[in-house]
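Trainee: One predicted model, sequence on top.
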There are 2 protein chains.
Amino acid sequence: MAGHITGESPIQREPGIANLMSSHKQVLAHAEAQCADKGTKLTQKRKTVLQGLLQTQQAMSAYELADYCRDELGESMPPMSVYRILEFLEGEQLVHKLKLANRFVACVHITCDHKHAVPQFLICEQCHRVSEVSIKESTLRALRNNVETAGFKLASPQIELNCVCDTCAVAG
Amino acid sequence: MAGHITGESPIQREPGIANLMSSHKQVLAHAEAQCADKGTKLTQKRKTVLQGLLQTQQAMSAYELADYCRDELGESMPPMSVYRILEFLEGEQLVHKLKLANRFVACVHITCDHKHAVPQFLICEQCHRVSEVSIKESTLRALRNNVETAGFKLASPQIELNCVCDTCAVAG
DNA sequence: TACATAAATGATATGATATATCATATTTAT
DNA sequence: ATAAATATGATATATCATATCATTTATGTA
Ligand SMILES: [Zn+2]
Ligand SMILES: [Zn+2]
Ligand SMILES: [Zn+2]
Ligand SMILES: [Zn+2]
């Protein structure tokens, strides 16, 4: 197998690649500082994995990320290490796991100061582009109501929605 | 391995087991008639798989269902057949696939006449009990708004929420 | 520095969910 | 009776994930 990334979900590179790169540097620096504050360490490997997610701008599987880090970022990266590292990054809220897609994305709020709100993820079924938005309080409350009426409690208020992004909608 | 069903998610049997069985018969009959109307066939195997989902009252993986059909319903059932049959049953809206849990449930509306509404699934992380409820139009509209503002379109308005059921909440 | 300890990473095995493909059996139509 | 379509069986393989033990690297203390 040539790689885990198929023709159907190409890794997108936006035009202003140089700008993106430097913006990623800032995000990584912020993430590193954030870890230092908490007494954890954003090691080289961890930084590379996060960088992979930032650069691809897509929801990536652990195996896809392993390939990407090796092939594009020149850092040997066994899949099992990627899983461990993603677990760490999730704990630091630098990365989110999308259960609907069995994939991972970089948090869009890394450089923000505000507390992380309840995230809502819009996942393009076709290209795995992801938009991380915040649920309106009123909407969340309505959902919570539904849930408790049915005799359940929300375990994780993270909501993930199967979508098609506008680009893919136009193309397909 | 002894089976796919672990101690943590035992198959629940409610007290009025005889009543449930007869009610399942009715559901199966209704499902069969519904298929006949559409020119499809609810074969013996398909009926058995659906029966398994009705009896266990839980979200089941294809492999768990294969075991259950063989061990409890006396119908040899290779996992690959289960996948095919589940795909058929999904198409008939007799079964829903929960992507969040990688499991399948029987639709609760099989005996209803009304058109199937947008389903919302509350999934107990601990015991896999599932409640299929309907989203309020206003809530759905609010979500849709969020989605389209972000440049996405809802591909499937099915919403699945990670929950804990009251029984497990009390126990745990 | 030298050593002990803890943290991070590497490597291997295995489990769990899912798809693809071809063979066989059953049903339906002619 | 035969052909075609449908349903099922069987095998291989892809994909996502966890468990475990070995090795390396970083950190703290004598
Ligand atoms: Zn985030
Ligand atoms: Zn897309
Ligand atoms: Zn339903
Ligand atoms: Zn429960």
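Mentor: Arrived safely, thanks for sending. Ligands and ions are numbered 1, 2, ... in the order given.

Trainee: What count of nearby residues applies to A:Lys38?
Mentor: If you count neighbours by other C-beta atoms under 10 Å in any protein chain shown, A:Lys38 ends up with 10. C-beta coordinates here come from the backbone N, C-alpha and C atoms, glycine included.

Trainee: What of A:Glu160?
Mentor: A:Glu160: 23 surrounding residues under other C-beta under 10 Å.

Trainee: List the contacts of the closest residue to it other than its chain neighbours.
Mentor: In space, and not counting its chain neighbours, A:Glu160 is closest to A:Leu100: 4.1 Å by C-beta to C-beta, 6 or more residues apart in numbering or on different chains. A:Leu100 sits next to A:Phe121, A:Ile123, A:Glu160, A:Leu161, A:Asn162, B:Lys99, B:Leu100, B:Glu160 when contact means C-beta atoms under 8 Å, 6 or more residues apart in numbering or on different chains.

Trainee: How about A:Glu148?
Mentor: By C-beta under 8 Å, 6+ apart, A:Glu148 has no neighbours at all.

Trainee: Quick check: buried residues in the helix or strand containing it?
Mentor: Element membership of A:Glu148, judged by DSSP states H and E, is helix A:137-149. By neighbour count with 16 or more other C-beta atoms under 10 Å in any protein chain shown, helix A:137-149 contains the buried residues A:Thr139, A:Leu140, A:Ala142, A:Leu143, A:Asn146, A:Val147.

Trainee: hey, C-alpha coordinates of that helix in PDB?
Mentor: Only the C-alpha atoms of helix A:137-149 are listed here, as PDB (Å, rounded to 0.1, in the frame of the first residue of the first chain):
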ATOM      1  CA  GLU A 137     -26.200  27.900  24.900                       C
ATOM      2  CA  SER A 138     -29.800  27.800  24.000                       C
ATOM      3  CA  THR A 139     -29.400  25.000  21.500                       C
ATOM      4  CA  LEU A 140     -27.400  23.000  24.000                       C
ATOM      5  CA  ARG A 141     -30.000  23.500  26.600                       C
ATOM      6  CA  ALA A 142     -32.700  22.300  24.300                       C
ATOM      7  CA  LEU A 143     -30.700  19.200  23.600                       C
ATOM      8  CA  ARG A 144     -30.000  18.600  27.200                       C
ATOM      9  CA  ASN A 145     -33.700  18.800  27.900                       C
ATOM     10  CA  ASN A 146     -34.500  16.100  25.300                       C
ATOM     11  CA  VAL A 147     -31.800  13.900  26.800                       C
ATOM     12  CA  GLU A 148     -33.000  14.100  30.400                       C
ATOM     13  CA  THR A 149     -36.600  13.600  29.500                       C
END
